[in-house]
Each structure stands twice: as structure tokens, then as C-alpha cells.
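K.L.:
Sequence and predicted structure below; questions after.
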Amino acid sequence: MAHPLTVGFDLDMTLIDSRPGIKATYQALAARTGTYIDADAAISRIGPPLEEEIRRWFPAERVAEMSDVYRALYPEHAITGTLAMPGAREAIAAVQAAATGAEAGRAIVVTAKFEPNAKLHLSHLGIDADAVIGSLWAEAKAEALREHKAAIYVGDHTGDVRGARAAGALSVAVATGPCDAEELRAAGADVVLGDLTEFPAWLDGYGAGLADASA
């Protein structure tokens, strides 16, 4: 029996523009701890796990503690200031409208973000994913992509490309995050789109190609 088409999406800078909220949370962390944090620089590096950024501002022995403090501050400071990326809702809807036989498509979110906070974002913005898996970065994302039998993974970072390739999924990259189109192609992305507004039409063509191949 054919499995439903499953497409994975990254969260930050793919489905949501979390820069204002992340900046506000770093500012709150700086105020709480009295430690200087360049929040503008931090939001230019969104993608990798939080601990990588925290390590720039705090000694190694405090990274785990300060990461926990950041995550606790996050719901208050980051959720309401975050917007959906252009085309995000339409991209999710396009996947869910795609049918494999009698099975509707499934759109899942696989992100490095702390899973409870990722779910808060999606709920606040009315983005209805079929599953949300957090705390996975780069090649580790392949664990969830394989478990959910994702054929495609969509992300904005070279780490997302690596995750897709590790899972044997088609890598669709959007040039809306810290990595430009050239970097994404060099990392091995199979498809590079300007943003998610281009995704539904691309998916239509991808589905038509599959149908032709099976005819």
C-alpha cells in the first residue's frame, strides 16, 4: 500500500520569521543575567541549536543553565512578535491537499527549536502541522524524517540540506534564512526556491512528474 506523501519543514526562517521574538528573548536574557549579548548578531545566525549561540556569551559551565533560562523566557517574549513567513500556511495546505490514493498528504515540522516552544509558535499562528518534532539539528533531523517516511524536507539552512540528504529525502531549500541560494546549492540542495510562495506550484509539478513516471 502506498504511503501518503509526507513533507517535512524546518521552522525558523522557513515557516516563521522568529527574528523579532528571538531578539527580544536574548535581550531579556541579557537583562536577567547582566551579561552583554549582541542580539542583532545572534539573530543573523538562526538555525543551529541554541547552545551554539549561548556559548558565545557565557562560559562553558553555564551554557546548559543559561539555555534553560532562555527557553523559560521564550514563551513570554518570542511568541506574539513572530510572524508566519510568506506562503507558509499555503505550503502546509498544499501538502495536506496532495493525495496518494485515498491518503491525504502529511506536513510535519522538524526543527532544532525546543519542541514545546515550536508548538506554541504554530498554535499562535494557526499553522496546522500533522506532527512537530523538536531539538533535532542537521543530520540528526534524518531520524524524524525517516520515522515519518518523509519524501521531501524543506529548509532554509545548509544544515537542513544535510538533514534531508542523510534521510534520503529530496532537499528543497528556500533562500529566506542566513544561507543564500548559492550556499544552499553548494551544500547539495536538489531544489532552491526564493521563498515558500513558490512551493505549491513546485509541488504540483513534482506530483505530476511522479504520476507520469508511474503511468
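P.N.:
On my side now, so go ahead.
K.L.:
Just give the strands next to the lowest-mean-pLDDT helix or strand in the chain in its sheet, each with its orientation.
P.N.:
Ranking every helix and strand in the chain by mean pLDDT, DSSP states H and E puts strand 99-100 at the bottom, with a mean of 74. Strand 99-100 has the following strand partners under DSSP bridges: strand 103-104 (antiparallel).
K.L.:
Quick check: next helix or strand after the strand it pairs with?
P.N.:
With elements assigned by DSSP states H and E, the helix or strand that comes after strand 103-104 is strand 106-110.
K.L.:
How is the protein partitioned into domains?
P.N.:
Per automatic domain parsing, the domain ranges recorded for the chain read 6-17+83-214, 19-78.
K.L.:
Among those, show the one with the smallest mean pLDDT.
P.N.:
Looking at the domains of the chain, the lowest mean pLDDT belongs to domain 6-17+83-214 (a mean of 95).
K.L.:
ok so, going back, now render the domains of the chain as a markdown table, adding mean neighbour count.
P.N.:
Glycine gets a C-beta too; all of them are placed from N, C-alpha and C. A markdown table is the format used below for those (neighbours: other C-beta atoms under 10 Å):
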| stretch | mean neighbour count |
| --- | --- |
| domain 6-17+83-214 | 20 |
| domain 19-78 | 17 |
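K.L.:
sorry, back to before: go ahead and measure how far the least confident helix or strand of the chain is from the middle of the chain.
P.N.:
Put simply, strand 99-100 sits 24 Å off its chain's centre (C-alpha atoms, centre = their mean, to the nearest Å).
K.L.:
who touches it?
P.N.:
By C-beta atoms under 8 Å, 6 or more residues apart in numbering, the surrounding residues in contact with strand 99-100 are A2, H3, P4, L5, G105.
K.L.:
I'd like to know which of those are buried.
P.N.:
P4, L5, G105 (16 or more other C-beta atoms under 10 Å).
K.L.:
Any figure for the gap between the closest residue to the first one other than its chain neighbours and A131?
P.N.:
The one in question is P4. Spatially, and ignoring its direct neighbours in sequence, P4 is nearest to E103 (3.6 Å; C-beta to C-beta, 6 or more residues apart in numbering). As judged by C-beta to C-beta, to the nearest Å, E103 and A131 stand 15 Å apart.
K.L.:
re the thing from before, just put the contacts of strand 99-100 in CSV and tack on distance to T176 and secondary structure.
P.N.:
Converted to CSV, the contacts of strand 99-100 look like this (distance: C-beta to C-beta, whole Å; DSSP: H, G, I helix; E, B strand; the rest coil):
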residue, distance to T176, secondary structure
A2, 32, coil
H3, 29, coil
P4, 27, coil
L5, 23, coil
G105, 22, coil
